[in-house]
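Q: need a 3D model of the sequence below.
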Amino acid sequence: MLVKIPSCTLTVEHFEADLHEICGAFQIEPRSHTQDITGLIKHEYLADLEVAHVAKDLNSIRRTKKELAQDEGDNFFLIIQEEGQALMNQHDCARILMPGDMILIDSAYASEFSFFGRFSRQVSVHLPRQEMLQRFDKLARGGIFLPKEDHSSIAVSAILSKAFQVRENVPQSHYLKEAIFGLIGSMLYERNSQDSAKHIEADVHGAQLLKRGMAYIDQHFLNPNLTIHGVAEYLNVSIRHLQRAFAIINTTPTNYLLTRRLEMACQLLAQRQTGGDGERVSTIAYNCGFNDVSNFNKQFRRAFQCSPSKYPNGEQEDKE
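A: Modelled structure (predicted):
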């Protein structure tokens, strides 16, 4: 992790205004039925470059033709995933970013960042577009992905970590900036080779299938009749293909479906405690898509190390 910044609660409008001022015009899609988000946008200069810290629990952020018409897009964004995960899409290249991964985005073209309502935080290094084109010409393009294990991403992270340590050292900042551009140039030449281009495209379909699968489960997980076979059938893919797609984020479609149901159960159980007696645990289990209360209790204990009736900090066991 390069740096830790605190998050706070702010309105969607406040976040969108800050994002527009620091990064340009974007279209915000918040979580359903909410006016507030957990997030923060912080702006600073490091190594003679603008850096934005962006944290949020939105569904997605998009830059469409409408937003492109509002500003010209003066930067490339080198985005480093710090917390959570994000699906980033540009030029038909969709990649899942896990902590430590990086992606280069061109603000002059449409792009989409999906977070599925979960908390995600990135560091965005703003690389002036004109300077990028002068240095690298047509090699500079958006959608280039660097996994955290890549030697270039490791080196960039090390330089940025140094830059955070010497924020006020102006002479050293100049050399750090040149080092960053040097590494980006090396990465661009490598990624524009024929073999690298094939490697980048190989994961596009899997990432796009993952996005569709997550979206379908998010929409239907409360249905107790929903099965992974049904999800695969709806998406017109084999279960094996669906499993490979979810492996990108180190899970399975079955575990993702279970997680969504347990998340909803936690929300309802917390509301139950706040509101007094509320619904019985069995009712909550059925409302969250579980067909069997004993299985719900078993899965809940496994995930949270306590019974549903004691979550969060409850004292009375339900008499089911």
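
Q: tell me where the stretch 51-200 of the chain has helices.
A: For the stretch 51-200 of the chain, the helices defined by DSSP state H, counting those that start in this stretch cover 65-70, 129-136, 151-165, 170-191, 194-202.

Q: buried sites along the second one?
A: So the one you mean is helix 129-136. Buried residues in helix 129-136, defined by neighbour count with 16 or more other Cβ atoms under 10 Å: Arg129, Met132, Arg135, Phe136. The C-beta positions use only the backbone N, C-alpha and C, and glycine is treated the same way.

Q: check the first one too.
A: Along helix 65-70, these residues count as buried under the neighbour rule (16+ other Cβ under 10 Å): Glu67, Leu68.

Q: same deal with the longest one?
A: Within helix 170-191, the residues that count as buried by 16+ other Cβ under 10 Å are Ser173, Leu176, Lys177, Ala179, Ile180, Phe181, Leu183, Ile184, Gly185, Met187, Leu188, Arg191.

Q: and the fifth one, how far from Leu258?
A: This means Ile180. 42 Å (Cβ to Cβ, to the nearest Å).

Q: let me have the helices of the stretch 51-200 of the chain in TSV, extended by distance to Arg244 and mean pLDDT.
A: Output for the helices of the stretch 51-200 of the chain, formatted as TSV (distance: least, Cβ to Cβ, whole Å; pLDDT from 0 to 100):
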stretch	distance to Arg244	mean pLDDT
helix 65-70	33	91
helix 129-136	34	93
helix 151-165	24	84
helix 170-191	23	80
helix 194-202	12	46
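
Q: mind checking the SS state of Asp18?
A: helix (DSSP: H, G, I helix; E, B strand; the rest coil).

Q: what's around it, how many residues?
A: 18 (other Cβ atoms under 10 Å).

Q: hang on, it packs against Ile41?
A: Yes: using Cβ atoms under 8 Å, Asp18 is in contact with Ile41, at 4.2 Å.

Q: Ile37 falls within a strand, correct?
A: Yes: when classified by three-state DSSP, Ile37 is found to be part of a strand.

Q: so what pairs up with it in the strands?
A: Leu10 (DSSP bridges).

Q: count of neighbours near it?
A: Counted with other Cβ under 10 Å, Ile37 comes out at 24.

Q: how far away is it from Ser124?
A: The separation that Ile37 has from Ser124, given Cβ to Cβ, amounts to 18 Å.

Q: could you do Ala179 as well?
A: The gap separating Ala179 from Ser124 is 18 Å, by Cβ to Cβ.

Q: beyond the helix or strand bottoming out on mean pLDDT in the chain, next helix or strand please.
A: Within the chain, no helix or strand scores below helix 194-202, which has a mean of 46 by mean pLDDT, DSSP states H and E. Using DSSP states H and E, the helix or strand that directly follows helix 194-202 along the chain is helix 204-220.

Q: buried residues in that following helix?
A: Result for helix 204-220 [16+ other Cβ under 10 Å]: buried residues 204, 206-214, 216-217, 220.

Q: bridging residues for the residue nearest the centre of the chain?
A: The structure's the chain has its C-alpha centroid closest to Ala86; by Cα atoms, centre = their mean the separation is 1.9 Å. Legend: beta-bridge partners of Ala86 under DSSP bridges are Leu97.

Q: residues in contact with it?
A: Ile96, Leu97, Phe113, Ser114, Phe115, Ser120, Gln122 (Cβ atoms under 8 Å, 6 or more residues apart in numbering).

Q: skipping its backbone neighbours, what lies nearest the third one in space?
A: It refers to Phe113. Ile61 (4.6 Å; Cβ to Cβ, 6 or more residues apart in numbering).

Q: so how many other residues sit close to the one you found?
A: Around Ile61 there are 23 residues (other Cβ under 10 Å).
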